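Q: got a structure for you, letters missing:
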């Protein structure tokens, strides 16, 4: 849970200084870019450690399998139809 809390803390830092986003899309873009930045820094840190055996999983987003996406997307599409209709 420490890695998740650290990840969330870095995302909060990215949005804390922004008084107001012009729209939802700009907020999402900022969060997405911050997630990519965090992942790149963590990957560089793991590569630097080299031969040390890691007990943690690889990248948080890329290369891992997540189940239940269809069900989650369907539930979000029902809950937020205005946001999802243009993408589905």
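A: Perfect, I can see it now. Small disclaimer: the values here were computed from a predicted structure and weren't measured.
Q: Tell me which helix or strand comes right after the longest helix anywhere in the chain, heading toward the C-terminus.
A: Across the chain, the longest stretch assigned as helix under DSSP state H is helix 24-49. Remark: after helix 24-49, the chain's next helix or strand is helix 69-79, criterion DSSP states H and E.
Q: which secondary structure elements does that next one contact?
A: Contacts defined by 3 or more Cβ pairs under 8 Å, 6 or more residues apart in numbering; DSSP states H and E place helix 69-79 against helix 81-84. For glycine as for every other residue, the C-beta is placed from the backbone atoms N, C-alpha and C.
Q: quick one: buried residues of the helix it packs on?
A: By neighbour count on 16 or more other Cβ atoms under 10 Å, the buried set for helix 81-84 is empty.
Q: which other helices and strands contact it?
A: Counting by 3+ Cβ pairs under 8 Å, 6+ apart, helix 81-84 packs on helix 69-79.
Q: Mean confidence (pLDDT) on the helix it packs on, please.
A: If you average the pLDDT over helix 69-79, you get 81.
Q: How far off centre is the longest helix of the chain?
A: Mean-position distance between helix 24-49 and its chain equals 8 Å (Cα atoms, centre = their mean, to the nearest Å).
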